[in-house]
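Peer 1: Sequence below, structure please.
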Amino acid sequence: MPTPTPTPTGANSSAGSIGNLASQRFNQMITNRVLGTVLLGVNEQVNCSDCVSAFGSAGSFSAGIHGRKELTPNLSLLAGIAYTQFSEGGYSVTSAPIGAFALRYDFVDWGSSRPFFDIGTLLSPFEKVRYSRSYATSLGAVALDSQTSSSDYGAYGRAGWITRLSPRDELAASVEVWQLWQRVNGYTDPAVAFDPFSASIATGTDRTNLVKLGGQWTHLLGDSIEGNINGGFVQSFASHSGIVATVTGDGTVVPTIGNQNWFEYGGRLGFRITKGWVADLFINGTIGPQPVGNTIHGGVGLRVNY
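Peer 2: Numbers count the residues shown, from 1 in each chain. Predicted coordinates:
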């Protein structure tokens, strides 16, 4: 008489893997935003001349163009577009366009110490993404890699204070409030030989809100090198995972994402090649616990001021 095949156990591990998917998707929202803020001049001084910069970065591959244009003595437009690919914590965004634009109102008529305000948005539709899911069973481990598409959007407002300490130094401090949305199309586990707790993920929207307390300093070193450092503390609130998973043996699994906090940092060195032309080296990243974690993105740019 044949020996019956044992029924695998591991439902708890499978349910935990759905929670890990929620963490991956939260990280995706934050990384997308960090990359998008480069298009809004996060590594540049608050008040400067009109400019256009072409750039490329590694750590996450990204290439694009961004700049600013003075519309009135007080009002400037900041905008940019880029193409990017990045991987963090088990997922990979294999193709993603990013666009950003904002308006900045700077009270220049108040003198060297004055307030400024930004309002803007980030757009990243038509992303191609791969999410990983792994869990343990009594009969062995299961590792899955699923493909789908997503779209990321964000809107923010910023209020700050800028101080010109000297013709060589600009200091600024600010408070930013963000709202992020991420729409992920539904998918099911890929067909594999062994997946006893297979899952189907419904189309859903992840959301989070952020508050960032930040500051930056831009300094001219000599006549040809310009440096910028910036950073801030970020707190998320009212986060919501859009995952609703139907898992064999578990039923419906709906993970949650609690409030998170982390630090963001950035920096730039600009080398003036000739009048109006600057070569830039820059970095941006995060420091904190998972699901955001420690990340770094670096790149080079060529900027023309006019």
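Peer 1: and the worst-scoring helix or strand of the chain on mean pLDDT, which strands flank it?
Peer 2: Confidence across the helices and strands of the chain bottoms out at strand 51-58, with a mean of 90, counting by mean pLDDT, DSSP states H and E. Paired with strand 51-58 in the same sheet, following DSSP bridges, are strand 61-70 (antiparallel), strand 295-305 (antiparallel).
Peer 1: What are the buried residues along the last one?
Peer 2: By neighbour count with 16 or more other C-beta atoms under 10 Å, strand 295-305 contains the buried residues 295, 297, 299, 301, 303, 305. Glycine gets a C-beta too; all of them are placed from N, C-alpha and C.
Peer 1: same question, the first one
Peer 2: By neighbour count on 16+ other C-beta under 10 Å, the buried set for strand 61-70 is 62, 64, 66-68.
Peer 1: do the same with stretch 88-101
Peer 2: Within stretch 88-101, judged by 16+ other C-beta under 10 Å, the buried ones are 88-93, 96, 98-101.
Peer 1: From start to finish, how long is stretch 282-298 in a straight line?
Peer 2: Taking C-alpha to C-alpha, to the nearest Å, the span from the opening residue of stretch 282-298 to its closing residue is 6 Å.
Peer 1: Ok, stretch 159-172 next?
Peer 2: Looking at stretch 159-172, the gap from its leading to its trailing residue is 10 Å under the measure C-alpha to C-alpha.
Peer 1: List the buried residues of that stretch.
Peer 2: Residues of stretch 159-172 classed as buried by neighbour count (16+ other C-beta under 10 Å): 160-162, 164, 170-172.
Peer 1: What pLDDT does the model give residue 119?
Peer 2: Residue 119 is assigned a pLDDT of 98 by the prediction.
Peer 1: so who does it touch?
Peer 2: Residues touching residue 119, when contacts are defined by C-beta atoms under 8 Å, 6 or more residues apart in numbering, comprise 102-103, 156-158.
Peer 1: now, among the buried residues of strand 61-70, which is nearest to residue 281?
Peer 2: The shortest gap between residue 281 and any of the buried residues of strand 61-70 belongs to residue 62, at 14.5 Å (C-beta to C-beta).
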